[in-house]
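Chemist: need a structure here:
(2 chains)
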Amino acid sequence: MDCAAAFLLFAAPSRLLSLAPVDLVIIVIYFAVVLAIGFYLKRLTRTGEDFFMAGREMTAWIAGLSFLSANLGSLELMGWAAASYQYGILATHWYWIGAIPAMLFLGIVMMPFYYISKTHSVPGYLKLRYGESSRALAGVSFAFMTVLMSGINMYAMALVMKVVLGWDIHFSIWVSSLTVAIYVALGGLRSAIFNEVLQFMLIWLGALLVPIIGLIETGGWKGMQARILQNFPGGDYTHAWRTLGSFTDNPMGIHWTGIVLGLGWVISFGYWNTDFLVVQRVLAAKDLRAARLAPIIGAAFKMMVPFIVILPGLLGLAVLPMKLVGEGQAVATGGHSYNEVLPLMLARYMGPGLLGLGITALIAGFMSGMAGNVSAFATVWTYDIYRAFFRKDASDAHYVRMGRWCTVLGVLISIGTAYLVMQFLSIMDYVQALFSFFIAPLFGTVLLGMLWKRTTPAGGFWGLLAGTASSIGMWLWVKLDPSALAYVALSHNARDMAENMYRALWCWIVCVTVTVVVSLLTRPKPESELAGLVYGCTAIPSERHLALWRRPIFWAAVVITGFFALNLIFW
Amino acid sequence: MHGDERISIWFFIGGVLLIYGILICGTGVYELWNPPGQKVVLGELHASVWWGALLIVLGAVYCWQFFPGRRQKRAEEAAKTAAAKATEPSRDAG
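Modeler: The predicted structure follows:
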């Protein structure tokens, strides 16, 4: 109970929620269990394959839930609940069109190449397909950005805990990050994955009661719609597509082309198919069928996440007595900001015990995201940077030691970033923009590499570089001359989100164009070197001998049908 | 992820849910007779009681199903049954 005492000790007087002793016990048990899992798994983690790839023995369910949980982390729960209060059901596009097709594409199209090539990472695939230079570019940028993002999320989490619970910001940063460092350093990816599955369950069971009780209070979906209309006359918060015909008809300032092509194609396909943070979980699957099923299982649950994230925001619009405002206005007026909608809903419905479970769900979300970042960082640093450029022929045990130290180092750099952000808040915007620079072009490079055997190593490298450079160039252009937004995002009325989506689309097109042109001008690799890496040169095991319900393609069809049905229902 | 000598992750999850269920349901039952000073909206639904009970049931099922050694025992029994069947003479033989 020392930790509980410490929580009480560090609690500041101003807070949104007050925890009862039973809530603190629930939180302390959570920390004890995640550490216990780390210590238990240490004895099973002996080789590099164990530490970095979890022994490649995860079932489809474990890999799939972990795949989703790594993404559910950081500020997902609170951030998107806030976005749904602000923008209404438009926020679901990040869960449906912004995720489901891409996740299914990973399972059905791309995973066979990742899995059969036996690569340990996405930069590792680039090495096999294009050579060292492409791997170096992707590996260094990924490792650098991952720890920075982890630090930003850590700071944001500590800030949330301060506002919601009154916890000291330094205490939140150090306790949560050191816990993650211990359990990932002990058990590697296996420990991260196990804890992510636990965190997935806790996130659902901790957050699910808010929409259930909220819908009882409003008298169901129709009742909620009526109350929102009463509280915010004239606003359309419950239709996902109807208001996307014009930039000015919706609060996001976005057009449906930006949602479909920018978010639904480039950004989501880039993130779900090439961001190693999520792909690593699927690479740990025990066989190809499990690896293909894992993203499909993840997609099925992803489709339901709006129930615990978006619906609480909408219910906030319907039932909260006060109107929430932006962060700046909240600070100036002493009101509540959009970001507080989920804690306010927790406080509204959750009594002692349940509140502890809800807060544990938030902490679990933050920790699963952080663990995803540091385990991916440790793998990319050790295999794609350290082994490739510093020490090629060390023993397996040496690389495992390096992975463990890297995990601790990654967490320490993240903590450093968190403190840097505390001093210079604008860093947060810059780093988030930087991260987006790499994802869209990387998708172009990997996609062409997998599907077009004519793509050459020079084409891959120069396409990736040109796509990244063009993304940075467009971002700088708009920063220096805001009127350039009309060219980049096709409208003066476009907002930040629209700009991100169109910038991603253009830089992807630049990457693909440069890759194709340079490839046509340079000598391709012989087909014998492309076996296991490229469509047309790779024997993908047939699944025809399996019963229909055991085939990944069948479940992908079920999920995509659900996806279309949901979009039509909430059109 | 069910090596022969290993504890399944689902057992850990079952254990956590069981403990949480007991704590939450216990708190809810206690509050039936000792209502808290600060009430929540729709507190009369006593969500702690039934949500806690749900966690207990889920946790118990997971613990029972994935108790260490249980899966291995079942696998061994299934292997024995399969072996016994394989040694039985076929009905339509001779």
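Chemist: pLDDT below threshold where in the chain?
Modeler: In the absence of a named chain, this looks at chain A. Across chain A, the ranges flagged by pLDDT under 70 are A:1-15, A:73-75, A:425-436, A:494-497.
Chemist: hmm, I had chain B in mind actually
Modeler: Chain B contains residues with pLDDT under 70 at B:1-5, B:71, B:85-94.
Chemist: which one's the longest helix in it?
Modeler: In chain B, taking DSSP state H as the definition, the longest helix is helix B:9-33.
Chemist: for A:F570, what are its contacts?
Modeler: When the contact criterion is Cβ atoms under 8 Å, 6 or more residues apart in numbering or on different chains, the partners of A:F570 are A:89, A:92, A:238-240. All C-beta atoms are positioned from the backbone trio N, CA, C, and that covers glycine.
Chemist: is any part of stretch A:20-39 close to chain B?
Modeler: Yes: in this structure, stretch A:20-39 sits against chain B according to Cβ under 8 Å from any Cβ of the partner chain; the contacting residues are A:20, A:22, A:25-26, A:29-30, A:33, A:36-37.
Chemist: just stretch A:58-74 next, same as before
Modeler: Yes: in terms of Cβ under 8 Å from any Cβ, part of stretch A:58-74 sits within range of chain B, namely A:58-59, A:62.
Chemist: and chain A, which residues reach chain B?
Modeler: Within reach of chain B by Cβ under 8 Å from any Cβ, chain A has these residues: A:20, A:22, A:25-26, A:29-30, A:33, A:36-37, A:40, A:44, A:54, A:57-59, A:62, A:190, A:194, A:197-198, A:201-202, A:205, A:209, A:213, A:216-217, A:319, A:347-354, A:357.
Chemist: what residues are up against A:F105?
Modeler: For A:F105, the set of contacting residues under the criterion of Cβ under 8 Å, 6+ apart consists of A:269, A:272-273.
Chemist: show me which of the residues you listed is closest to chain B.
Modeler: Set against chain B, the nearest of the contacts of A:F105 by Cβ to the nearest Cβ is A:W272 (22.9 Å).
Chemist: find the nearest non-adjacent residue to that closest one, please.
Modeler: A:A102 (3.9 Å; Cβ to Cβ, 6 or more residues apart in numbering or on different chains).
Chemist: so that neighbour, which of the three states?
Modeler: Following DSSP: H, G, I helix; E, B strand; the rest coil, the label given to A:A102 is helix.
Chemist: wait, it sits on A:T274?
Modeler: No: look at A:A102 against A:T274 with Cβ atoms under 8 Å: they stay out of range, at 10.0 Å.
Chemist: more neighbours: which of the two?
Modeler: Just comparing A:A102 and A:T274: by other Cβ atoms under 10 Å in any protein chain shown the higher neighbour count belongs to A:T274, 28 against 25.
Chemist: distance of the more buried one from chain B?
Modeler: The span separating A:T274 from chain B equals 26 Å under the rule Cβ to the nearest Cβ, to the nearest Å.
Chemist: residues contacting that residue?
Modeler: When contacts are counted by Cβ under 8 Å, 6+ apart, A:T274 is found next to A:122, A:439, A:442-443, A:446.
Chemist: CSV for these, including secondary structure and neighbour count?
Modeler: CSV is the format used below for the contacts of A:T274 (DSSP: H, G, I helix; E, B strand; the rest coil; neighbours: other Cβ atoms under 10 Å in any protein chain shown):
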residue, secondary structure, neighbour count
A:V122, helix, 25
A:I439, helix, 25
A:L442, helix, 29
A:F443, helix, 28
A:V446, helix, 27
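Chemist: for the residues you listed, which one is nearest A:T379?
Modeler: Looking at those and their distance to A:T379, the nearest is A:V122, at 10.1 Å (Cβ to Cβ).
Chemist: tell me, what residue is most central in chain A?
Modeler: The geometric centre of chain A, computed from its C-alpha atoms, lies nearest to A:N71 (Cα atoms, centre = their mean), at 3.2 Å.
Chemist: ok, residues contacting the helix or strand hosting that one?
Modeler: Taking DSSP states H and E as the definition, one finds A:N71 inside helix A:60-72. By Cβ under 8 Å, 6+ apart, the list of residues contacting helix A:60-72 from outside reads A:58, A:192-194, A:196-197, A:199-200, A:203, A:277-278, A:281-282, A:284-285, A:289-291, A:293-298, A:301-302, A:305, A:365, A:368-369, A:371-372, B:1, B:9.
Chemist: tell me the angle it makes with helix B:9-33.
Modeler: Interaxial angle, helix A:60-72 versus helix B:9-33 (axes from the mean of the first three to the mean of the last three Cα atoms, to 10 degrees): 60 degrees.
Chemist: the residues of stretch A:20-39 next to chain B, buried ones only, as a ChimeraX selection?
Modeler: Restricted to the buried members of the residues of stretch A:20-39 next to chain B, where burial is judged by 16 or more other Cβ atoms under 10 Å in any protein chain shown, the ChimeraX selection command reads as follows:
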select /A:20,22,25,26,29,30,33,37
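Chemist: name the member of the contacts of A:F105 with the most neighbours.
Modeler: Neighbour counts for those peak at A:W272, which has 29 neighbours (criterion: other Cβ under 10 Å).
Chemist: can I get the CA coordinates of the strand or helix carrying it in CSV?
Modeler: Following DSSP H and E, the helix or strand that holds A:W272 is helix A:268-274. Extracted C-alpha coordinates of helix A:268-274, given in CSV (Å, rounded to 0.1, in the frame of the first residue of the first chain):
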residue,chain,number,x,y,z
SER,A,268,-4.6,5.4,-42.5
PHE,A,269,-2.9,3.0,-45.0
GLY,A,270,0.4,4.6,-44.1
TYR,A,271,-0.1,4.3,-40.4
TRP,A,272,-1.6,0.8,-40.2
ASN,A,273,0.5,-0.8,-42.9
THR,A,274,4.0,0.7,-42.3
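Chemist: cool, thanks, signing off.
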